[in-house]
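Student: got a sequence here, can you build the structure:
(chains A and B)
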Amino acid sequence: MAMKTGLVPLHQAAKGSYVVIQHVPDGRSKAQLIRLGILKGQLVRCLERLPGGTVVIEKNRQEIAIGVTLAKLILVAYTGTDFLSNA
Amino acid sequence: MNDRSITDGYGLLSHEHIEKHKHIGVHVTPEETSQVKVALVGNPNVGKSLFFNYLSGVYVDVSNYPGTTVELMKGRFKSFDVFDTPGVYGISSFSDDEAVTRDIVLQADVVLNIVDAAHLERDLFLTQQLIDMGKKVSVMLNFMDEVEKLGLQIDKELLSSCLGVPVFATTATRRVGFDQIEPAIEQALRGKPDPALHHRLHGMLSITGSEAEALLILEGDEAIARRHGVQPGTERDAAYIDRRNHVNLIINAVLSEKNLRRRFATSLGRWAMNVWTGIPMLLIALYLIYLFVGKLVAQDIVNFTETTLGHQLWEPWIQGVVVQYVPASSWLGTLLVGEFGVVTMTVTYLLFLLLPLVIAFYLSLAFMEDSGYLPRLATLVDRSLNALGLNGSAIIPLILGFGCVTMATITTRLLGSEREKKISAAILQFAIPCSAQLAVVAALLAGAGFSAILIYSATIFTVFVAIGTILHRSLPGTTSPLLIDLPPMRLPRFDNVIRKTAYRTYFFMKEATPWFFMGALGVGIMQVTGLLTVWENILNPLTTGWLQLPRAASTAFVMGMVRRDFGAAGLYQLALTPHQVIVSLVTITLFTPCIASLMVMLKERGLKEATLVWTGTWITAFLVGGLLSQILI
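Tutor: Okay, the predicted model is just below:
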């Protein structure tokens, strides 16, 4: 579905793009990430990239803000348009 | 995936299977007890309090949950004891709020789960966890009006059969569907737990005797594991991911979109987090707050209450009454109705200066909170606060600090790490003037001109940044990253804002009043016994030499140790030049925190840290104030 190549850290994903989460870091934030539905394989949209790297993503109409230190560790892949038309 | 595969999955958990639990003697809820315990549980900002207010009417019992500052509200509705719980995303022990909710859920006979229907993805995780715990649950789908507006459609019946519990539609803001609350409590059912997870429970069940506790232990809840003397499970991630996927399947089946039209509120929320639009929005918000708190209330209203009600009506009247029994010139007379009189000055400060300000401040804060603006502000300032070793969430205690440093210090415990709690507590104690002090500061500065305002703000801001930066550089560890969900922007409900303000004001006044009286009494006694002169003599070299202020300014510092605003107010009576105003205000702002917040600091951060901060404020205040004085005067 998603391209295997071209993994980017979430804080570098282009504003407005749809991405599929490929890797979520372990550690303190993991439980909260799971509760908020930020999991491997999930489709999210990058809503906003603030200077310094804080990002806002949208997942099924829920907006979530993620600080840069965490966003750096979340790896995502851009989706092709074919994926969107299936969604 | 379609709905069929989900419901089919539950074939594994037959009715007989669930019946078996009763034979093991496990968790048979007492159906016929006189008072059924009902817990209202939901994510933050789902309108839970509206349900609670409806159910409890006026008979609400507010108390702090033992060992925490988490507010616990209990009310009575017919034959039900209704408990409100802090909003959480899941049941576990990551924070005080979660631990309180967890304990109430464990004790409850029925859980009324309030769900934001516009955010099923987020909220149903908690719902499924409650069901997995084996609790009797009813789901109230709230914000059905918003679902409509968003162009979404939820198949309520299908959701109910997927979860195995009754589902009701409500719009709490207009009380639509509230007639369903009572049936919802009565019809609550044990739902369909995640089958894979449920089978793993059985081993633990024999130890805990309760499905709910067994599940929490499997999910690694240390507190509950300790209660039963077992090791917490290591399967939290696996269990959470299972549940997440499970919930996603349910949502795919029950939710459909009609059309997507962006609402104005959604756009407004996005603008709040964009630098180009967000900063102007912040400035507008701050300006509106200034107009309301700083101008309307601090100047116009307080002018009337303090001067007319306080100085002209209350003080002469009470003086007249007291003097009939106690001569005004006696020591008791001085204590009661003198310069620092317990029934004159103290009452005026408390009721006619502080009270209107505190109400105004909490009103603005409740408005910002309930509108959904605060978390967006946290996002906007996240990176800037990183420079001070904090993340965006710290904006909440920092803003609260402008209301009351004491209260804000308590809320620092919501922050992610010990390190962040340390830094934010220190910043609060050092460099944030509270609303009461700010009001006096503003009034004095207004008289000293625009450049005075600039110099004052710049100095305090520099200290603020310096303290944060120094602590960030010197303390070991790293800052925890921001990770928050953003509730939708909504127009706050008037009665909710009022209720919040009333609770907080009451709490604040309850805390502040005794300290105010004790402080006035203390200063009064020092005055009567001559200690005040001794103190003035000790501080004299600092006050007149280094700070170049009038001798009597040292009295303000004594008062400042009791309450900050008290100290600033003490400067009111002195004849100061504009430059002296700046120096004295900077010094008193950076000076020691009030007794109440020192006490909280001791309790929250321990003796060592509190002492360090307290001495630190002395040094910083006189150092910065003095330097400024040497430059300006």
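Student: for the rest of this, base every contact and every neighbour count on C-alpha atoms.
Tutor: Will do.
Student: skip the chain neighbours and tell me the closest residue to the residue in the stretch 301-450 of chain B positioned nearest to chain A.
Tutor: Going by C-alpha to the nearest C-alpha, chain A is nearest to B:R383 of the stretch 301-450 of chain B, at 5.8 Å. Nearest residue to B:R383 in three dimensions, chain neighbours excluded: A:G52, at 5.8 Å (C-alpha to C-alpha, 6 or more residues apart in numbering or on different chains).
Student: pLDDT weak spots in the chain?
Tutor: Since you didn't name a chain, this refers to chain A. A:1-5, A:80-87 (pLDDT under 70).
Student: try chain B instead
Tutor: B:1-34, B:57-70, B:258-262.
Student: show me which residues of it are close to chain A?
Tutor: Contacts of chain B with chain A, taken as C-alpha under 8 Å from any C-alpha of the partner chain, map to B:89-90, B:118-119, B:121-122, B:125, B:236-237, B:240-241, B:244, B:273-275, B:379-380, B:382-383, B:391, B:481-487.
Student: OK, contacts around B:A425?
Tutor: B:T409, B:T412, B:M601 (C-alpha atoms under 8 Å, 6 or more residues apart in numbering or on different chains).
Student: show me which of those residues are buried.
Tutor: Burial by neighbour count, judged by 16 or more other C-alpha atoms under 10 Å in any protein chain shown, picks out B:T409, B:T412, B:M601 from the contacts of B:A425.
Student: please enumerate the strands of chain A.
Tutor: With DSSP state E as the criterion, chain A has strands at A:7-9, A:18-23, A:43-49, A:55-59, A:62-66, A:75-78.
Student: who's in contact with the closest residue to B:I453 other than its chain neighbours?
Tutor: Spatially, and ignoring its direct neighbours in sequence, B:I453 is nearest to B:L445 (5.9 Å; C-alpha to C-alpha, 6+ apart). Neighbouring residues of B:L445 by C-alpha under 8 Å, 6+ apart: B:A452, B:I453, B:V581, B:I582.
Student: in PDB, list the C-alpha atoms belonging to stretch B:175-186.
Tutor: Extracted C-alpha coordinates of stretch B:175-186, given in PDB (Å, rounded to 0.1, in the frame of the first residue of the first chain):
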ATOM      1  CA  ARG B 175     -30.300  18.600  27.400                       C
ATOM      2  CA  VAL B 176     -31.600  16.500  24.500                       C
ATOM      3  CA  GLY B 177     -31.800  12.900  25.400                       C
ATOM      4  CA  PHE B 178     -31.400  13.500  29.200                       C
ATOM      5  CA  ASP B 179     -34.700  11.600  29.800                       C
ATOM      6  CA  GLN B 180     -32.600   8.600  28.700                       C
ATOM      7  CA  ILE B 181     -30.100   8.900  31.500                       C
ATOM      8  CA  GLU B 182     -32.200   7.000  34.100                       C
ATOM      9  CA  PRO B 183     -33.000   4.100  31.700                       C
ATOM     10  CA  ALA B 184     -29.400   4.100  30.700                       C
ATOM     11  CA  ILE B 185     -28.300   3.500  34.300                       C
ATOM     12  CA  GLU B 186     -30.900   0.800  34.800                       C
END
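Student: confirm that the residue of the stretch 301-450 of chain B closest to chain A sits in a helix.
Tutor: Yes. Assigned with DSSP: H, G, I helix; E, B strand; the rest coil, B:R383 falls within a helix.
Student: thought it was touching A:A65?
Tutor: No. At 11.8 Å, B:R383 and A:A65 do not qualify as touching, with contact defined as C-alpha atoms under 8 Å.
Student: could I get the buried ones among the contacts of B:A425 in TSV, plus columns for distance to B:L150?
Tutor: Formatted as TSV, the buried ones among the contacts of B:A425 follow (distance: C-alpha to C-alpha, whole Å):
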residue	distance to B:L150
B:T409	39
B:T412	36
B:M601	46
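Student: coming back round to it: so the residue nearest to B:R383 is in contact with A:V68, correct?
Tutor: Yes. With contact defined as C-alpha under 8 Å, A:G52 reaches A:V68; the gap is 7.2 Å.
Student: touching both of the two, which residues are there?
Tutor: With C-alpha under 8 Å, 6+ apart as the test, A:G52 and A:V68 both reach B:R383.
Student: more neighbours: these two, which one.
Tutor: A:V68 (27 against 13; other C-alpha atoms under 10 Å in any protein chain shown).
Student: correct me if wrong: that one contacts A:P9.
Tutor: No. At 9.9 Å, A:V68 does not count as touching A:P9 under the criterion of C-alpha under 8 Å.
Student: distance check, B:T529 against B:N540.
Tutor: For B:T529, the distance to B:N540 equals 19 Å [C-alpha to C-alpha, to the nearest Å].
Student: which neighbouring elements make contact with whichever strand or helix holds B:V137?
Tutor: Using DSSP states H and E, B:V137 falls within strand B:136-142. Using 3 or more C-alpha pairs under 8 Å, 6 or more residues apart in numbering or on different chains; DSSP states H and E as the contact test, the elements touching strand B:136-142 are strand B:110-116, helix B:120-132, strand B:167-169, helix B:181-187, strand B:189-190.
Student: okay, the ones you listed in TSV with mean neighbour count next?
Tutor: TSV is the format used below for the helices and strands packed on strand B:136-142 (neighbours: other C-alpha atoms under 10 Å in any protein chain shown):
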stretch	mean neighbour count
strand B:110-116	28
helix B:120-132	25
strand B:167-169	21
helix B:181-187	17
strand B:189-190	20
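Student: turn those into a markdown table, including distance to B:R76.
Tutor: Output for these, formatted as a markdown table (distance: least, C-alpha to C-alpha, whole Å):
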| stretch | distance to B:R76 |
| --- | --- |
| strand B:110-116 | 14 |
| helix B:120-132 | 23 |
| strand B:167-169 | 21 |
| helix B:181-187 | 13 |
| strand B:189-190 | 21 |
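Student: which of those sits closest to A:V76?
Tutor: Among the helices and strands packed on strand B:136-142, helix B:120-132 comes nearest to A:V76, with 20.3 Å by C-alpha to C-alpha.
Student: show residues contacting that closest one.
Tutor: Under C-alpha under 8 Å, 6+ apart, the answer for helix B:120-132 is A:35-37, A:60, A:62, B:42-43, B:89-91, B:113, B:115-116, B:137, B:139, B:163, B:190-194, B:197-198, B:212, B:215, B:243-244, B:247-248, B:251.
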